[in-house]
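> pasted the sequence and its predicted model underneath.
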Amino acid sequence: MLYAVLCYNSEDAVFSWTAEQDAKVMADLGQVQQRWSHKLGPTARLMPTTAATTLRKGDPPLVIDGPFAETKEQLLGFYLVNCDDLDEVLTFCKELGAANPGGAYEVRPLHFFSNGVLPADAVSARVSESA
């Protein structure tokens, strides 16, 4: 079954890390990702909520700059992972948690309603923008 693993943490904490601290956490997460590469789908680190735009439904719809809710932790990224069951995906999350200080992981089974395909140049452009 395919699961989404949503990664939450405090933006204030994460974005206060030095470049060295951030590189260490990302390297540690990379080791977990490598161990799980046979089960792992796309992974994304989201830009901060200050880069977000929210569309509130209404008549007319309202477009708002920034985050849509005041919370202690923000959604900072996600993994797609193909695991046999919830126990296996929780094992993956425990390994992520050991590599990443603070935060929480929310696990949700996925149900596809559209397969969608991104052009390769769109994906590579996004990866280089975040580097």
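Happy to help now that I have it. All of these numbers come straight from a predicted model, not from anything done at the bench.
> how about low-confidence regions in the protein?
For the chain, the stretches with pLDDT under 70 are 67-70, 115, 118, 121-131.
> show me the strands in this protein, by range?
In the chain, the strands defined using DSSP state E lie at 2-9, 40-45, 53-56, 62-65, 74-82, 104-109.
> dump those strands to a markdown table, plus distance to residue 18 and mean neighbour count.
C-beta here means a position set from N, CA and C on the backbone, and glycine is covered the same way. Below are those laid out as a markdown table (distance: least, Cβ to Cβ, whole Å; neighbours: other Cβ atoms under 10 Å):
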| stretch | distance to residue 18 | mean neighbour count |
| --- | --- | --- |
| strand 2-9 | 16 | 19 |
| strand 40-45 | 17 | 14 |
| strand 53-56 | 29 | 10 |
| strand 62-65 | 28 | 10 |
| strand 74-82 | 17 | 19 |
| strand 104-109 | 23 | 14 |
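> any chance of those in TSV, with distance to residue 119 too?
Listed next are the strands of the chain as TSV, based on distance: least, Cβ to Cβ, whole Å:
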stretch	distance to residue 119
strand 2-9	22
strand 40-45	14
strand 53-56	22
strand 62-65	26
strand 74-82	19
strand 104-109	27
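> what bridges to the closest residue to residue 33 other than its chain neighbours?
Nearest residue to residue 33, sequence neighbours excluded (Cβ to Cβ, 6 or more residues apart in numbering): residue 40, at 6.0 Å. Beta-bridge pairing of residue 40 under DSSP bridges involves residue 81.
> repeat that for the one 4 residues further on.
On the basis of DSSP bridges, residue 44 is bridged to residue 78.
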